[in-house]
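Asker: predicted structure and sequence below. I'll ask about it afterward.
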Amino acid sequence: MVEPNPAELGGDARDTPLSLLEQLRANDAAGWQRFVTLYGPLVRFWCSRGALRGADVEDVAQEVFAAAAAGLAGFRRSQPGDTFRGWLRGIARNQLLMHYRRNQGRVQAEGGSDAWAQLQDVADPLLEPVAGEDAQMSDLYRRALEQVRCEFPEHVWQAFWLTTVEDRTPSALAEELRMTVNHIRQAKSRVLRRLREELGDLLD
C-alpha cells in the first residue's frame, strides 16, 4: 500500500496561495485570466440566451467582465442566498439590456418590424433562470477542478476522482490504488478542501 505523507496529499494549509477571489480583488493578471477561463463559457451562454449572436456575444461578454472588474469591490454577501454567480448574472443581464438599448435603431433598420418585435420579446433577459444553466455550471465545476489538478500527485487525484466523480467506495478502491482506505479518504478530502479554499467564493 502507498502511504503518502501529508505534503503528497495536497500540502499544508499554511502554504495555500491566495484564493481566486482574493487575486481578483488584488487585480492580479493571472487571476483574472483564470477567472475568464472559468466563467467565460457561462457568460457567453447567458449572452446567447439573451438572443445575441456571433460577434455580439463576444462583445457583450467582454463588457460583462469589464463591469465585473470595475464593480468587484462592491460584491458582498449581505443577504441569505447571495452568491457570486447571482451577482455576475445580474451584471450580464444589465449589460444585455444596455446593449439592446444602444442598438434599438440599428436592429429596427436592419430587420424591420419583425426584428423589432423580437427585440421587445427579449428586452428583459435573464430575469429568471434559463434552461441549460445547470449543465453550464457542471462544466464550470469541471474547469475549476482542472485548475487545481496540477497541485496533486496522480495517485491522489485518482483517489479523489474515483470516489467523488465515479462514486466508488474507498474500500473497493484500496487494492486497485494500493492505498489504505484512510488515505483514500484523506486524498478526497484534501482535493475538495483545496478547491473550496481557492475557488469556493466564486462557485457558490
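Answerer: Great, that's in hand.

Asker: any idea how far F84 is from E58?
Answerer: From E58 across to F84, the span is 22 Å (CB to CB, to the nearest Å). Every C-beta, even on glycine, is put in place using the N, C-alpha and C of the backbone.

Asker: which one of those two is surrounded by more residues?
Answerer: It is F84, of E58 and F84, that has more neighbours when counted by other CB atoms under 10 Å, with 18 against 13.

Asker: separation between that one and P153?
Answerer: Shown here: F84 relative to P153, a distance of 30 Å by CB to CB.

Asker: looking at the chain, which helix or strand does the model trust least?
Answerer: helix 104-121 (a mean of 49; mean pLDDT, DSSP states H and E).

Asker: what's the offset of the helix or strand following that helix from the middle of its chain?
Answerer: Next along the chain after helix 104-121, taking DSSP states H and E as the criterion, comes helix 133-149. Average the C-alpha atoms of helix 133-149, do the same for its chain, and the two points are 6 Å apart (CA atoms, centre = their mean, to the nearest Å).

Asker: contacts for helix 133-149?
Answerer: By CB atoms under 8 Å, 6 or more residues apart in numbering, the list of residues contacting helix 133-149 from outside reads 34, 37-39, 41-42, 45, 85, 157, 191, 194-195, 198-199, 203.

Asker: out of these, who's nearest R101?
Answerer: Checking the contacts of helix 133-149 against R101 by CB to CB gives F45 as the nearest, at 21.9 Å.

Asker: right, and that closest one touches A92 too?
Answerer: No. Between F45 and A92 no contact is recorded; they are 9.5 Å apart, counting by CB atoms under 8 Å.

Asker: pLDDT below threshold where in the protein?
Answerer: Low-confidence segments of the chain, defined by pLDDT under 70, are located at 1-18, 105-131, 201, 203-204.

Asker: can you map out the helices along it?
Answerer: Secondary structure of the chain, counting by DSSP state H: helices at 20-25, 29-49, 55-71, 84-102, 104-121, 133-149, 154-164, 170-177, 181-203.

Asker: let's have the ones you listed in TSV, adding distance to S78.
Answerer: As requested, the helices of the chain are arranged in TSV below (distance: least, CB to CB, whole Å):
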stretch	distance to S78
helix 20-25	16
helix 29-49	22
helix 55-71	14
helix 84-102	11
helix 104-121	33
helix 133-149	23
helix 154-164	32
helix 170-177	40
helix 181-203	14
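
Asker: that older thread, need the max-distance pair from the contacts of helix 133-149.
Answerer: Applying CB to CB across these, the maximum distance is between F45 and W157, 27.8 Å.

Asker: show me which of these two is the more surrounded one.
Answerer: When F45 and W157 are compared on other CB under 10 Å, the one with more neighbours turns out to be F45, at 21 against 17.

Asker: H155 contacts H183, correct?
Answerer: No. Taking contact to mean CB under 8 Å, the distance of 9.2 Å between H155 and H183 leaves them out of contact.
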